[in-house]
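>>> structure for the following, please:
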Amino acid sequence: MPKIAIILGSTRPGRNGAAVAQWVFDIARRRTEAEYELVDIDVPSTRPRP
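Model (predicted):
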């Protein structure tokens, strides 16, 4: 069975990507053609923080 990663990679403060990624994951895992995994790539930002 194929494995598909739903990747969250935003590093911005106050990011909304987590909610969107969870929503996509919740819908995807209802399907039976593949296995799905939610992966949060927490990479430190190189931008200065305000």
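
>>> in contact with Ser10, which residues are there?
Contact analysis of Ser10 by CB atoms under 8 Å, 6 or more residues apart in numbering lists 17-18. (Each C-beta comes from the backbone N, C-alpha and C, glycine too.)

>>> and the strands in this protein, which stretches?
3-8, 35-40 (DSSP state E).

>>> can you tell me how far the residue positioned nearest the centre of the chain is from Leu38?
Central residue of the chain (CA atoms, centre = their mean): Leu8, 2.7 Å from the mean position. Computed as CB to CB, to the nearest Å, the Leu8 to Leu38 distance reads 7 Å.

>>> quick check: neighbours shared by these two?
Ala21.

>>> now the residue nearest to the centre of the chain: how far from Val20?
For Leu8 relative to Val20 (CB to CB), the value is 8 Å.

>>> how about Leu38?
11 Å.
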